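**Q** Okay, sequence plus prediction incoming.
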Amino acid sequence: MEKIDKIGFIGGGNMAEAIIKGLIGGAFPVARLLVAEPSDERRRLLEDRYGVHVISDNRELVRDCDLLVLAVKPQVREAALAGLAELFTDDKLLISILAGVGTSELERLLSGPRRIIRAMPNTPALVGAGATALCPGRHARPADLRTAQHLFETTGIVQLVEEGQMDAVTGLSGSGPAYVFTIIEALADGGVLQGLPRHTALMLATQTLLGAARMVKESGEHPAVLRDKVCSPGGTTIAAVQALEEGGLRATLMEAVARATERSRELGG
Ligand SMILES: NC(=O)C1=CN([C@@H]2O[C@H](COP(=O)(O)OP(=O)(O)OC[C@H]3O[C@@H](n4cnc5c(N)ncnc54)[C@H](OP(=O)(O)O)[C@@H]3O)[C@@H](O)[C@H]2O)C=CC1
Ligand SMILES: O=C(O)[C@@H]1CCC=N1
């Protein structure tokens, strides 16, 4: 990161915003960030909220920055990279966060070998609690992976994976926040059904998720061991666990990861 002068985002949507917020929170100077985004409304929002400099021309962005983060939808990758190939000279590093899209496809769109790192972050980056997996493209330099690692560590944890594992990462942690939001909402609904006020139920559900996740992380114990410690023989929890098994919660979550992984593969087409 020391050697990176300016970071440019091609696309200033939800995920770009989460990374920008993480970078600013990690003391990366906002003056060294630039965003190219077609929507006037998004440009205004990013400028007002973070003081980041915004433009609408992707070519100007690539000319100005030495690290480019590709943050458009996978479906518009071709349009977003059109006319940029000759600007991606050897001194530019591209980090792509596109679901499903491989580094060889990006090289094809950029007409040849390029320094590319593929990343799969997630939206909790917005609060510094993101999970990002990284893998290098064939022509990335070792220092490029370190640069990407430093960048995403400002937003949370980083794991290095093989490129063949990126679709599974997308199915697990890339899309995963949506599964967890659904679980929090459902738990709170359960509390409301049993007579708790909505706000109380939501606070208790959220903190229960947060606390349980921290226990797994900080104790290093297998989640099944921790679950067993909550289950008193003949008690309340094991009665609930029986309901979870009857409802197929475990199989449903595994299938959710499988479907998202498959969809990621399709998007890479
Ligand atoms: N959201 C998430 O949780 C995660 C997303 N990702 C990946 O991040 C990428 C972005 O997702 P997300 O932020 O959710 O999507 P958004 O739609 O929020 O952001 C994409 C932005 O790119 C803009 N855009 C469209 N065309 C161009 C173009 N030609 N040049 C520059 N900008 C353009 C869009 O503008 P407009 O709306 O006007 O079209 C939009 O503001 C995707 O590839 C996704 O797979 C990865 C991990 C997690
Ligand atoms: O839903 C999507 O396609 C993106 C990729 C991972 C999270 N959101």
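**A** Yep, it's here. Residues are numbered from 1 along each chain as shown. Ligands and ions are numbered 1, 2, ... in the order given.
**Q** Give me the next element, helix or strand, following the helix or strand of the chain with the lowest mean pLDDT.
**A** Least confident helix or strand of the chain, by mean pLDDT, DSSP states H and E, is helix 14-25 with a mean of 93. As assigned by DSSP states H and E, the chain's next helix or strand after helix 14-25 is strand 33-36.
**Q** Show me what that following strand is in contact with.
**A** With contacts defined as CB atoms under 8 Å, 6 or more residues apart in numbering, strand 33-36 is touched by 6-12, 16, 20, 23-24, 43, 46, 52-58, 60-61, 64-65. For glycine as for every other residue, the C-beta is placed from the backbone atoms N, C-alpha and C.
**Q** Filter those down to the ones in helices?
**A** Counted as lying in helices by DSSP state H, out of those, are 16, 20, 23-24, 43, 46, 58, 60-61, 64.
**Q** What about ligand 1: which of these touch it?
**A** For ligand 1, the contacts drawn from those by CB under 6 Å from any ligand atom are 16, 58.
**Q** who wins for neighbours among the ones in helices among the contacts of strand 33-36?
**A** Top of the ones in helices among the contacts of strand 33-36 by neighbour number is residue 20, holding 26 neighbours under the definition other CB atoms under 10 Å.
**Q** That residue and residue 195, how far apart?
**A** Residue 20 sits 42 Å away from residue 195, going by CB to CB, to the nearest Å.
**Q** what does residue 15 give?
**A** 39 Å.
**Q** where do the helices sit along the stretch 51-200 of the chain?
**A** Using DSSP state H, counting those that start in this stretch, the helices of the stretch 51-200 of the chain run over 58-64, 77-81, 103-109, 142-153, 166-169, 176-193, 198-219.
**Q** Enumerate the residues of this protein near ligand 2.
**A** The chain comes close to ligand 2 at residues 99, 170, 174-175, as judged by CB under 6 Å from any ligand atom.
**Q** hang on, residue 168 packs against residue 261?
**A** Yes. Using CB atoms under 8 Å, residue 168 is in contact with residue 261, at 5.1 Å.
**Q** can the biggest strand by length in the chain be found next to ligand 1?
**A** Ranked by residue count under DSSP state E, the longest strand found in the chain is strand 130-136. No. Residues of strand 130-136 are not located near ligand 1 by CB under 6 Å from any ligand atom, the shortest gap being 8.6 Å.
**Q** show me the contacts for whichever residue of the chain sits closest to ligand 1.
**A** The minimum distance from the chain to ligand 1, using CB to the nearest ligand atom, falls at residue 13 (1.7 Å). Counting by CB under 8 Å, 6+ apart, residue 13 touches 37, 42, 71-73.
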